[in-house]
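A.B. asks: here is a sequence together with a model predicted from it:
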Amino acid sequence: MPRKPKRKAPASPATRDTSPEPYPSHASPSPAQCLAVRDALLAFHGFPEEFAPFRRLRLGGRSPEDGSGDGDPPPPSPTVLDGLVTTLLSQNTTEVISRRAFASLKAAFPSWDQVVDEEGTRLEDAIRCGGLAATKAARIRAMLRGVREQRGKICLEYLRELSVDEVKRELSLFKGIGPKTVACVLMFYLQKDDFPVDTHVLRITKAMGWVPATCTREKAYIHLNNKIPDDLKFDLNCLFVTHGKLCQTCTKKMGGIINGCCYFDKRLQNLSTALAAKGFCKAEVQ
């Protein structure tokens, strides 16, 4: 999806989450704030390379700047099921390790039916490098079994035709697949407009006053999805996650984009100045 010209503030998104807004009197973030912070982070970090293939999928080969056909061709789209299992394996571990576990799983089991039908510990052994092998193996096998029982085959491509709310209802039926996992599948593997909230996103948005300091991840997910314009959700989310990994303050304690970013390490001074100039660095918790 092409980005809006930087000089224009995007329109407010339509509220789609059926859960009630947890903070109806909390005005932040406004569409203008979202656009300004996205642009400041993008100017400082560039677009994160680890998320670039998913961005190309969303753009369909169009340029991210003006929507023309001059962008890089999109890569082959992963299957929805591969994406869901990859996301499940990423819980409580790093991206590199979870992808190693996924590759090991695929090498051990050429088909998903073999995963369901195998009664030993081969699945656990295959994903052991990713941690929590017993728990993740049980969840993966139960999910695959449920899909086969409901659909007659182990395939989730039908989700591409459903709305965001319908996808949430379908995936939430499976044990161990929570709101963050569903949101990641929506954003990365279905190219739909959703805004996952991980620890990095929660810390940064609290520090910026976009959500209250006492906000839970679940409430932040509802509030931010209601407030952030759809066409900025993907870029902002990827940039927040990247920024959270790079900023030493953001990874150690709640804070980071506060008090003029005076706690940032020296590498992030330019970003702190850019955000301070736009008035979005000081926490305004309500």
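C.D. replies: Cool, the structure landed.
A.B. asks: now the end-to-end length of stretch 193-207.
C.D. replies: From its first residue to its last, stretch 193-207 covers 24 Å (Cα to Cα, to the nearest Å).
A.B. asks: tell me the mean pLDDT over stretch 39-57?
C.D. replies: In this model, stretch 39-57 has an average pLDDT of 89.
A.B. asks: and that stretch, how far out from the chain middle?
C.D. replies: Remark: stretch 39-57 is offset 13 Å from the chain centroid, using Cα atoms, centre = their mean, to the nearest Å.
A.B. asks: may I have it as PDB, with CA atoms only?
C.D. replies: Extracted in PDB, the C-alpha atoms of stretch 39-57 (Å, rounded to 0.1, in the frame of the first residue of the first chain):
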ATOM      1  CA  ASP A  39       8.800  10.000   9.300                       C
ATOM      2  CA  ALA A  40      11.300  10.800  12.000                       C
ATOM      3  CA  LEU A  41      12.000   7.100  12.700                       C
ATOM      4  CA  LEU A  42      12.200   6.300   9.000                       C
ATOM      5  CA  ALA A  43      14.600   9.200   8.300                       C
ATOM      6  CA  PHE A  44      16.800   8.000  11.100                       C
ATOM      7  CA  HIS A  45      16.800   4.200  10.700                       C
ATOM      8  CA  GLY A  46      15.700   3.800   7.100                       C
ATOM      9  CA  PHE A  47      13.200   0.900   6.600                       C
ATOM     10  CA  PRO A  48      14.400  -2.100   8.600                       C
ATOM     11  CA  GLU A  49      15.900  -4.800   6.300                       C
ATOM     12  CA  GLU A  50      14.400  -7.700   8.200                       C
ATOM     13  CA  PHE A  51      10.900  -6.400   7.400                       C
ATOM     14  CA  ALA A  52      11.600  -5.300   3.900                       C
ATOM     15  CA  PRO A  53      10.300  -8.500   2.200                       C
ATOM     16  CA  PHE A  54       6.900  -8.100   3.900                       C
ATOM     17  CA  ARG A  55       6.800  -4.500   2.900                       C
ATOM     18  CA  ARG A  56       7.400  -5.400  -0.700                       C
ATOM     19  CA  LEU A  57       4.500  -7.900  -0.500                       C
END
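A.B. asks: quick check: longest helix of this protein.
C.D. replies: The residue-count maximum for a helix in the chain (DSSP state H) belongs to helix 133-151.
A.B. asks: who's in contact with it?
C.D. replies: Surrounding helix 133-151, the residues in contact under the criterion Cβ atoms under 8 Å, 6 or more residues apart in numbering are 81, 84-85, 88-89, 91, 112-113, 115-116, 123-125, 127, 130, 154-156, 158, 173-177. Using the backbone N, CA and C atoms, a C-beta is placed for each residue, glycine as well.
A.B. asks: next secondary structure after it?
C.D. replies: helix 164-171 (DSSP states H and E).
A.B. asks: other SSEs contacting that following helix?
C.D. replies: Packing partners of helix 164-171 (3 or more Cβ pairs under 8 Å, 6 or more residues apart in numbering; DSSP states H and E): helix 179-184.
A.B. asks: show the average pLDDT along the helix it packs on.
C.D. replies: Mean per-residue pLDDT for helix 179-184: 95.
A.B. asks: CA-only coordinates of that helix in CSV, if you can.
C.D. replies: What follows is helix 179-184, C-alpha atoms only, in CSV (Å, rounded to 0.1, in the frame of the first residue of the first chain):
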residue,chain,number,x,y,z
PRO,A,179,-3.9,-11.5,20.2
LYS,A,180,-0.2,-10.7,19.4
THR,A,181,0.3,-13.9,17.4
VAL,A,182,-2.9,-13.2,15.5
ALA,A,183,-1.9,-9.6,14.9
CYS,A,184,1.5,-10.6,13.5
